[in-house]
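Student: Return a 3D structure for these sequence lines:
(one chain, ligands or ions: 1)
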Amino acid sequence: MSAHPHRELYQQVILEHNKNPRNYGPFPEATHTSEGYNPLCGDHLKIFLKIGEDNIIDRVSFEGDGCAISRASASMMTTAIQGKTVPETLALFEEFQNLVTGKLDPDRQPHHLGKLTIFSGIWQFPSRVKCAILSWHALKGALERQASVSTE
Ligand code: ZN
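Tutor: Model (predicted):
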C-alpha cells in the first residue's frame with residue numbers, strides 16, 4: 001500500500017476550500033448551532049443548521065478560525081450533508097470518523113464519503129485528525145443541542 005496515494009489532490013483540495021470556503025457564515029433561520037473547539041491546534045468553529053420537519057438538513061453553514069485542514073474539512077462537510085436526513089448524516093459522521101482514524105479503507109470497504117475520502121491518509125498524523133474531525137463533532141453537538149463541544 002502506497003503511503004500517500006492522494007497527497008497532491010489532498011493538498012490542492014485543502015488549499016482551495018480554505019481559500020474559498022463553501023457555506024460560510026451564519027444565517028438567521030438556523031434551528032441548531034454548536035461551537036467546536038480543538039485546544040490542541042486552536043481551531044474554533046461554529047456550525048449552523050436548519051433542519052426541516054421531514055428531518056432533512058435544509059441548510060448548513062459554518063464560521064470560525066482555524067488551520068487550513070479544519071476549515072477545509074468544515075467546508076467539505078457542509079456540502080456533503082446538505083439535503084441529507086439526520087440519520088444519514090450521523091451515519092456519515094461515523095464513516096468519516098472511521099476514515100480519519102484509519103479504521104475504514106475507502107478502497108476496500110463500502111461507504112458514502114464521496115470527496116471526503118481525500119482525508120484517508122490523515123490517520124498517520126494524529127494531531128491533524130482532530131483538526132479534520134472538529135466540524136463533525138460540532139455538527140453532532142448541534143444535533144444533540146449541546147452549546148459547545150471540544151475534541152479533548
Ligand atoms: Zn487545526
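Student: start to end distance for stretch 98-107?
Tutor: By Cα to Cα, to the nearest Å, the extent of stretch 98-107 from end to end equals 13 Å.
Student: List the residues that contact the closest residue in space to G102 that isn't next to it in sequence.
Tutor: Excluding its sequence neighbours, the residue lying closest to G102 (Cβ to Cβ, 6 or more residues apart in numbering) is W123, at 3.4 Å. Yep, even glycine has a C-beta here, placed from its N, CA and C like the rest. For W123, the contact set (Cβ atoms under 8 Å, 6 or more residues apart in numbering) comprises L99, V100, T101, G102, V129.
Student: and E88, how many neighbours?
Tutor: Using other Cβ atoms under 10 Å, E88 has 15 other residues around it.
Student: where does I133 land in three-state SS?
Tutor: The assignment at I133 comes out as helix when based on DSSP: H, G, I helix; E, B strand; the rest coil.
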